[in-house]
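Engineer: got a sequence here, can you build the structure:
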Amino acid sequence: MLLTPENTLFVRGRTPVLLLAGAPVHDALPAVGQEVQRPAGWSVLPRLTMCVVDGPGEHGVVIPALAAPVLPALDGGAAEDADEEAGMGDWCADAEAAGGVLVLSLPHLPAELDLAGLMAAGSARGGFLPLAG
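Structural biologist: Residues are numbered from 1 along each chain as shown. So this is what the prediction gives:
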């Protein structure tokens with residue numbers, strides 16, 4: 001399934017984050033709680049032009065990543081200067097360095113980005129997905 005870039009947010013950091021809104025894989029992902037899980041059978045393939053979230057069976061989503069918004073690191077870990085523009089290549093490098101991505105699937109993108117609040121709210125699904133192959 002294709003997910004439009006407008007329904008995603010890529011966030012840089014020591015553990016990069018991918019927020020998905022209205023994703024067709026939402027119900028297939030496990031609920032997220034206080035501890036981040038590594039869902040069995042799921043992986044992520046971050047690339048400059050596309051990002052693939054692949055799950056077990058027929059579950060998966062493709063994002064045209066080059067057109068998607070990329071935000072600077074929330075944790076101050078990856079972006080050396082918070083004012084510098086974040087790019088998809090930087091996010092992909094963060095994902096490689098971390099060995100995966102925290103993927104959070106939500107009903108809609110939040111107005112304000114508070115990862116702890118999103119995870120505690122009970123509507124987020126996902127977990128830390130390792131890099132594919």
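Engineer: you'd agree Leu2 is up against Val53?
Structural biologist: No. Contact criterion Cβ atoms under 8 Å: Leu2 and Val53 do not qualify, at 11.7 Å. Backbone N, C-alpha and C define where each C-beta goes, glycine included.
Engineer: quick check: bridge partners of Val44?
Structural biologist: Under DSSP bridges, the beta-bridge partners of Val44 are Val53, Leu131.
Engineer: more neighbours, Leu2 and Val53?
Structural biologist: Taking neighbours as other Cβ atoms under 10 Å, Leu2 and Val53 compare with Val53 leading, 27 against 9.
Engineer: so that one touches Trp42, yeah?
Structural biologist: Yes. In this structure, Val53 is within contact of Trp42 by Cβ under 8 Å, at 7.2 Å.
Engineer: give me the common contacts of the two.
Structural biologist: Common contact partners of Val53 and Trp42 (Cβ atoms under 8 Å, 6 or more residues apart in numbering): Val103, Leu129.
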